[in-house]
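>>> Predicted structure and sequence below. I'll ask about it afterward.
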Amino acid sequence: MNRIVIDGIIDNIVYQNPENGYVICEISSKDEGDFYAVGYMPTVRPGERASLTGNWVNHPEYGEQFKVEIYETIMPSEETAIIKYLSSGVIKGVREATAKKLYEAFGDSVFDVLTSEPDKVAKIKGIGKDRAATICKSFNEQRSVQNIVMFLQQYNISANTAIKIHKIFGSEAISVIKENPYSLANYVDGISFKTADMIAYNLGIPKNSPERIACGVTYFLREASYTNGHVYMPRDLLKEHTVYNLGISDIEAENAIAQLIADRDIITDRIDNTEVLYLYGMYHDEKYVAERIAEIATAVSRYAISASRAEDEVDEFEEKNGIKLAKKQRDAVVTALSSGFMVLTGGPGTGKTTTINAIISIMENLNIKVALTAPTGRAAKRMSQLTNRDAKTVHRLLGAQMIGNTHTFSRDEENPLDCDVIILDEASMVDTSLMASFLRAVKPGGRIILSGDSDQLPSVGAGNVLRDIIDSDLVSTVKLTDIFRQSEESLIIVNAHRINNGEMPELGDRTHDFFFMRRGNPQDVATTVTELYKSRLPKTYGLNPVTDIQILSPTKKGITGTVELNRVLQASINPPASAKNEYKYGQTIFREGDKVMQTRNNYDIEFSTEKGEKGVGIYNGDMGTVDSINISERYMIITFDDGKIIEYPFTSVEDLDLAYAITVHKSQGSEFSYVIMPVSAYMPMLMTRNLFYTAITRAKTMVVLVGGDKIVESMTKNNSYTKRFTGLLERLLREKERDI
């Protein structure tokens, strides 16, 4: 279909979505008369002349409309239109009265004056120097945003992303992109190499340009980290990947890699007798983690006590509290009291909580200041409940903050944490970069206790930190293996250990806390999961499904994936109602009462608590409930499970998902009373023992599996995992040899 070009004046904005730039506006055209135009036109304003490219469409309710694919605006040139534009709200501090003053003073040249002569504006009666500066700055920012949005629309880049680009590059954005479009992939979250490459192609940049190849190399390194958890890539593999994906020669890829190394954008090293390549920051993070762990583990801490005295302290604790610790529990407490760095690991029912509580109690008795932390809000809340003490997320403990466009922590070597011992729970979730930031905040002489289950899934981020630390044998590690008698009555715990040992779980019956419901095909699995969540479990056990039950799926995709299950569950649990506000973003509807999850770290969003505390930051994996939705002011009030109450703007809703069903990966560090898991045929990489084990160990009261017993058997037997390229183990072993 040939596209039509229509020129006209924008008379009125009928509707505008500030998140995605979708607009419905009234147009007056000499050739077409008055009509409605619809499309993504985030910067249009009343009074502007616009050139619209698109086609006529018939809307079933609103009739004929012009659907805009590309638009270009031209500043108004007549008095009425100029005043209408200036008073539209686009310029901060200008309404109709001021707009008229500006036109009276400068006439048709008003836009030229606003662009470069704020001193002239300041001379107008009632405006003044400061207000003139604000008006001119606002006008120029608006024009700059408008230019970048219109420039990028031809490449199908959304208004939201265009505005992000403007925030980073400012008024120079277009010239930066034209000079090196690959800057977008390097510096702008949400712009892939593929998008930058398409822009570069349209700008005539050759496929073997050094900028393209260099960006491709660093992009593939980042992608390996985000997608597969790799900290580095072998040089030959990265070069091969670059040659294949960019369609270039070996020598061109090699030259680009050599230049990136010379510029120290990437770092070369040898791991496992292989030359490997790191991104600059990742290399230094991993190196620092190894060196700092060795330093803390081998230092004689001023807060540590001798092993013999630690034994006496345990005796006193047992007598005072009327309990008897098992041998390995006792070993763990003594080790924690007498060493600088310890790892406590073990599966469910092996007494980690009792051990940690004993450590805390004895340390507090010795006037040792202990801080408790965990990677997620749910994990920190659970830690608080189990220890009856305050526990914070790692990000909150370290003082996460945004300075400009950079995420950083206020706690580091220059401003360390004011505590003697830090106990970090659910340590398997901590990736290389977060561990580096955590260790930077430990004061000289400070001690660390990592607690976690090393058999669970590794961190979502790059690395396999807990496993590498344990395997290095550089730090004192105590693994609790005995299941306590009271825990032996739980099939959840028994089966978790059976699965971990590669043994088929006992599928049980409805008199136990772990049972299995056979269903033959994915549709039957999904239907049963929905019925269990909506009515069967709530009716039988008196549950609130939103707060008491969690569905865990290995995948987002398919009938039994989280996306489709959330759609069906929302319709069943929280259907539309006249009394409930809702907001649609893409294909997802958010409704008052919905269960939601944050999917990306947001370091600068403000929160409060019922206790009156205030702070900033919400993190990937945090879950909560939508309390209310304010349509006119464009925000939701969400209460998260760790007590944070957030006025959540619609502009950030791309980082939010429904959470009636979540992936097993997203469930790490959390505990749920009742867990339902669809067990169907998934991609081989998702049908693994450690994923299955992780899902089972999230449940406190009951697990219900729905699907095929052959799938259960397959997942239990599949002990394969995707190898992560990480050099931490080798670096720790080097540190160990250096100390011997």
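Done, it's in. Numbers count the residues shown, from 1 in each chain.

>>> can you point me to the longest helix in the protein?
helix 128-153 (DSSP state H).

>>> List the buried residues of that one.
131-132, 134-136, 138-140, 143-153 (16 or more other CB atoms under 10 Å). Quick note: C-beta positions are derived from backbone N, CA and C, even for glycine.

>>> Over to stretch 441-450?
Quick answer for stretch 441-450 (16+ other CB under 10 Å): 441, 442, 446, 447, 448, 449, 450.

>>> do stretch 497-508 as well
497, 498, 499, 500, 505, 507, 508.

>>> hey, C-alpha coordinates of it in PDB?
Only the C-alpha atoms of stretch 497-508 are listed here, as PDB (Å, rounded to 0.1, in the frame of the first residue of the first chain):
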ATOM      1  CA  HIS A 497      17.200 -34.300  49.200                       C
ATOM      2  CA  ARG A 498      16.100 -37.300  47.000                       C
ATOM      3  CA  ILE A 499      16.000 -35.000  44.000                       C
ATOM      4  CA  ASN A 500      19.400 -33.500  44.900                       C
ATOM      5  CA  ASN A 501      20.800 -37.100  45.100                       C
ATOM      6  CA  GLY A 502      19.300 -38.000  41.700                       C
ATOM      7  CA  GLU A 503      16.600 -40.200  43.200                       C
ATOM      8  CA  MET A 504      13.000 -40.100  42.100                       C
ATOM      9  CA  PRO A 505      10.900 -38.200  44.600                       C
ATOM     10  CA  GLU A 506       8.000 -39.900  46.500                       C
ATOM     11  CA  LEU A 507       5.000 -38.500  44.800                       C
ATOM     12  CA  GLY A 508       2.800 -39.000  47.800                       C
END
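
>>> mean confidence for it?
Mean pLDDT, stretch 497-508: 88.

>>> what does that stretch rub up against?
Stretch 497-508 is contacted from outside by 347-349, 455, 483, 491, 494-495, 514-516, 689, 692-693, 696, 705, 709, 712-713, 716-717, 719, using CB atoms under 8 Å, 6 or more residues apart in numbering.

>>> want to try JSON lines for the buried residues of stretch 497-508, with secondary structure as columns?
JSON lines is the format used below for the buried residues of stretch 497-508 (DSSP: H, G, I helix; E, B strand; the rest coil):
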{"residue": "497", "secondary structure": "helix"}
{"residue": "498", "secondary structure": "helix"}
{"residue": "499", "secondary structure": "helix"}
{"residue": "500", "secondary structure": "helix"}
{"residue": "505", "secondary structure": "coil"}
{"residue": "507", "secondary structure": "coil"}
{"residue": "508", "secondary structure": "coil"}
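
>>> Make TSV from those and add distance to residue 670 to it.
Formatted as TSV, those follow (distance: CB to CB, whole Å):
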residue	distance to residue 670
497	20
498	22
499	19
500	19
505	21
507	24
508	23
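
>>> and of the residues you listed, the nearest to residue 623?
residue 499 (25.1 Å; CB to CB).

>>> if I look at the closest one, how far off is residue 493?
Noted for residue 499: a distance of 11 Å to residue 493, by CB to CB, to the nearest Å.

>>> cool, residue 694 as well?
Taking CB to CB, one finds residue 694 at 14 Å from residue 493.

>>> Residue 356 too?
Residue 356 is 18 Å from residue 493, by CB to CB.

>>> do residue 384 as well
23 Å.

>>> Tell me which residue is most central in the chain.
Geometric centre of the chain, nearest residue: residue 600, 2.0 Å, by CA atoms, centre = their mean.

>>> Now do the contacts for the nearest residue to it once chain neighbours are set aside.
Take residue 600 and drop its neighbours on the chain: the residue closest to it by CB to CB, 6 or more residues apart in numbering is residue 655, 4.4 Å away. Contacts for residue 655 (CB under 8 Å, 6+ apart) come out as 598, 599, 600, 602.

>>> Make a markdown table from those and add secondary structure, distance to residue 573 and pLDDT to it.
Below are the contacts of residue 655 laid out as a markdown table (DSSP: H, G, I helix; E, B strand; the rest coil; distance: CB to CB, whole Å; pLDDT from 0 to 100):
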| residue | secondary structure | distance to residue 573 | pLDDT |
| --- | --- | --- | --- |
| 598 | strand | 20 | 92 |
| 599 | coil | 20 | 89 |
| 600 | coil | 25 | 83 |
| 602 | strand | 26 | 82 |
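
>>> Tell me which residue of the protein is furthest from the middle?
The chain, CA atoms, centre = their mean, max distance from centroid: residue 104 (51.2 Å).

>>> And that one, how far from residue 573?
Distance from residue 104 to residue 573, by CB to CB: 60 Å.
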